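> One predicted model, sequence on top.
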Amino acid sequence: MQAPVLPDTAPFSSEQRGWLNGYLAGLFNAGNLASARPSAPGAAAANTLPVPTRSLRILYASQSGNAESIAFALGDRLKGASAGGGHVWVPEIAAMDTGSGIDWGKESHVLFVTSTWGDGEMPDNGKAFWNWLQALDGQVFSHLTFSVLGLGDRNYARFCAAAVQLDARLDRLGAKRLLALETLDTDFETPATDWQNQLSRILVAGEVSTPVLEAKTDVPAGWTKANPFPAPLLENRRLNGKNSAKDTRHLAFSLAGSGMTYRSGDALGVWPVNHFELVDSLVIACNAHGGETVVLPDGQIISFRAALLAKLDLFKPQKNLLQALQECGPAQGDRRRLRELLSEEGEAERETLLTNSDVLDLLRAFPTAKLDPQSLVGKLRKITPRLYSISSSPLAHPHEVHLTVGVQRTHVNGRVRYGAASSFLASRVPLGLPVNVYVQPSSHFHPPVDPSVDLIMVGPGTGIAPFRAFLQERAASGGTGRNWLFFGDQSQESDFLYREEILEFRGKGVLSELDLAFSRDQAEKIYVQTRMMERAKDVWSWIEGGAVFCVCGDAKRMAKDVDAALAQIACSVGGLSPEAAEAYVGQMAKDHRYLRDVY
Ligand SMILES: Cc1cc2nc3c(=O)[nH]c(=O)nc-3n(C[C@H](O)[C@H](O)[C@H](O)COP(=O)(O)OP(=O)(O)OC[C@H]3O[C@@H](n4cnc5c(N)ncnc54)[C@H](O)[C@@H]3O)c2cc1C
Ligand SMILES: NC(=O)c1ccc[n+]([C@@H]2O[C@H](COP(=O)([O-])OP(=O)(O)OC[C@H]3O[C@@H](n4cnc5c(N)ncnc54)[C@H](OP(=O)(O)O)[C@@H]3O)[C@@H](O)[C@H]2O)c1
Ligand SMILES: Cc1cc2nc3c(=O)[nH]c(=O)nc-3n(C[C@H](O)[C@H](O)[C@H](O)COP(=O)(O)O)c2cc1C
């Protein structure tokens, strides 16, 4: 396929246009984003004669699918591999919450892969198991051998906390480590493959020193994170009125010709391109022109500007950047300050500075320390794709995918900081040009398979995204199940996202119930959970009648308060004690009747 060329009318300088044309050409060269990803079955091919087997539990807790895909890749690798004594491994892979139902007395080996969510918490499909594990006492797992792989993000204060706690708890319960705890940052693909290799060596009998299972280096079939589809942007429409404090965009991309499919409830991964002005400022801060050649950690050779635009995270600098600044001969004042910050006594001040600065802030804070392009590139983390809940149903839009994106802008130290992906999507992609995307399937967050089941959806702000898709799906499938939406945002006049569509769903009876909560239209705050409490009797009656309850949007505040409101309704209307209400809500989650897509 021919790469498109940026039209002359596009709002970019000639240099930016030149780069973008190169970038777009790169998009059409499938090899440029290839990375190691395992998909091979176990080295020992499945025997055609019956052979004795040994069970190997692989339990994952995953919110957006990363840990889950590692767990399945590991299972694929070990399936049928020799376990010694004429046995072969039979991996059983499942979400961690199934763990409380396992007869652990019969198990010998268990491998855990868990991410961390919220503020250092377990993903939703690991919470029940974690609670169960905490209630156990004594050396009840002394017969078990285990290993934990944690996925996380060093930008969060409690890095990989779920994995760290799980590992420590299993140790307390007497289980023996097969491998020490491994915690991985957002750039986890290659080290996760290494972890699998190590485990393979240990678990596959007689192959302790050489790798039995090699990571495959070919790109897996289809469009993936490593091999994204360049989806042309079809539509970019602001959903807020002109008086709104917010900028929420409806974006539509074409999937025509890709063969790409998705389900309502899946997310779309988007590879961002950083802000042009920020990149220009960084180039200037390095006394460079941007055309310098740099080598990325994976060996790729590209221009300095291209690396800053599309390959590196410019947001959260690490201590190593301060060290690099110190090493490039700053003048006396900067040198002294850097020495203080890098000393043991300077730790608290250093952490505050690193938390509140982006890469440009640091370069500007030490103007006499001139880093050359290669030194800077070597100190930055790889850019990561951002996930967005898909806001269209393939039944309604078979060759398109829609997103509902809140543009992130914050004012810090006199500068506007633009969220990399949200500002890229909102203002830096001309219509018709492609964005690198892939589908991140959700294992749990989908409308009920049975169209006669009732559905309650709580989705304020951009949380409306998947519910627009769910409603399109429920309208298209024409089931008898009732639909109830709780939506809210700041002001009815300017922030009623998808107002016409939602009112049309209501008018046509697809939405049986609609409750709106506009927080800033009156003196006191009215939130979605305020409306839930006002309608507590009906909410409880739907739930007792088997309704599925779904929540999407802000994790830190809204999702926690909605969770508390649900438990409160179980107490006040259902007559349950607080403990019984908590157990009731926990059971709903286990039964896949309480689903969350929160971020
Ligand atoms: C499963 C899932 C589904 C999601 N669905 C949606 C959705 O449907 N819609 C949606 O809008 N979002 C959604 N998100 C959130 C989305 O993935 C992004 O996290 C969000 O858009 C911010 O990404 P960004 O690249 O724009 O911002 P980032 O570059 O990641 O920045 C994050 C924040 O930090 C601020 N910031 C950036 N640089 C600095 C700096 N130097 N100093 C201080 N602050 C700074 C930014 O202003 C921004 O507020 C979802 C997330 C997940 C995990
Ligand atoms: N953690 C934070 O401090 C914070 C703040 C803003 C946005 N965000 C991020 O911004 C994105 C979502 O933003 P968005 O524009 O979609 O929507 P949003 O910021 O979640 O706002 C949607 C609506 O929810 C209300 N809200 C605020 N606190 C709430 C609570 N505790 N319970 C219920 N509703 C509450 C807001 O009211 P008011 O705005 O009037 O309070 C607004 O009316 C997410 O990525 C989110 O994590 C985070
Ligand atoms: C809303 C949100 C909260 C997160 N909280 C943490 C955290 O507290 N600690 C951490 O190390 N990583 C945190 N992460 C990073 C995830 O653990 C990381 O993206 C991981 O790869 C996700 O894996 P999964 O797809 O299997 O859930 C968070 C990510 C999001 C989107």
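Sure thing, it's come through. Ligands and ions are numbered 1, 2, ... in the order given.
> Excluding covalently adjacent residues, which one is nearest to the residue of the stretch 301-450 of the chain found nearest ligand 2?
Scanning the stretch 301-450 of the chain for proximity to ligand 2 using CB to the nearest ligand atom identifies Gly406 as nearest, at 4.0 Å. In short, each C-beta sits where N, CA and C put it, glycine included. Nearest-residue entry for Gly406: Thr462, 4.6 Å, with adjacent residues in sequence omitted and distances by CB to CB, 6 or more residues apart in numbering.
> That neighbour looks like it's in a strand, true?
No - secondary structure of Thr462 (DSSP: H, G, I helix; E, B strand; the rest coil): helix, not part of a strand.
> so who does it touch?
When contacts are counted by CB atoms under 8 Å, 6 or more residues apart in numbering, Thr462 touches Thr248, Ser389, Thr404, Val405, Gly406, Leu497, Gly553.
> Wait, Arg249 touches Leu239, no?
Yes - here Arg249 reaches Leu239: they are 6.7 Å apart, a contact under CB atoms under 8 Å.
> Dig out what the residue of the stretch 301-450 of the chain closest to ligand 2 forms beta bridges with.
For Gly406, the residues forming beta bridges with it (DSSP bridges) are Thr248.
> what's the burial count for it?
Each residue near Gly406 was counted by other CB atoms under 10 Å, and the total is 23.
> What of Gly459?
The burial metric for Gly459, expressed as a neighbour count using other CB under 10 Å, is 26.
> ok, now which ones touch it?
Ala465, Pro466, Phe467, Leu485, Phe486, Phe487, Cys550, Val551, Cys552, Gly553.
> is it true that the fifth one lies in a helix?
What it means is Phe486. No - the assignment for Phe486 is strand, going by three-state DSSP, so no helix is present there.
> So which residues of the stretch 401-550 of the chain form strands?
Counting by DSSP state E, counting those that start in this stretch, the stretch 401-550 of the chain forms strands over residues 409-412, 415-418, 434-440, 455-458, 483-489, 513-518, 548-553, given from the N-terminal end onward.
> pLDDT averaged over the host helix or strand of Val90, what's the number?
When secondary structure is defined using DSSP states H and E, the element that contains Val90 is strand 87-95. Computed over strand 87-95, the mean pLDDT rounds to 92.
> Need the CA coordinates for the helix or strand that it is followed by. PDB is fine.
The element immediately downstream of strand 87-95 (helix or strand, assigned by DSSP H and E) is strand 109-115. Output in PDB follows, covering the C-alpha atoms of strand 109-115 (Å, rounded to 0.1, in the frame of the first residue of the first chain):
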ATOM      1  CA  HIS A 109       3.100 -25.000  41.000                       C
ATOM      2  CA  VAL A 110       1.500 -21.600  40.500                       C
ATOM      3  CA  LEU A 111       2.600 -18.600  38.500                       C
ATOM      4  CA  PHE A 112       1.000 -15.200  38.900                       C
ATOM      5  CA  VAL A 113       1.000 -12.300  36.500                       C
ATOM      6  CA  THR A 114      -0.600  -9.100  37.900                       C
ATOM      7  CA  SER A 115      -0.700  -5.500  37.100                       C
END
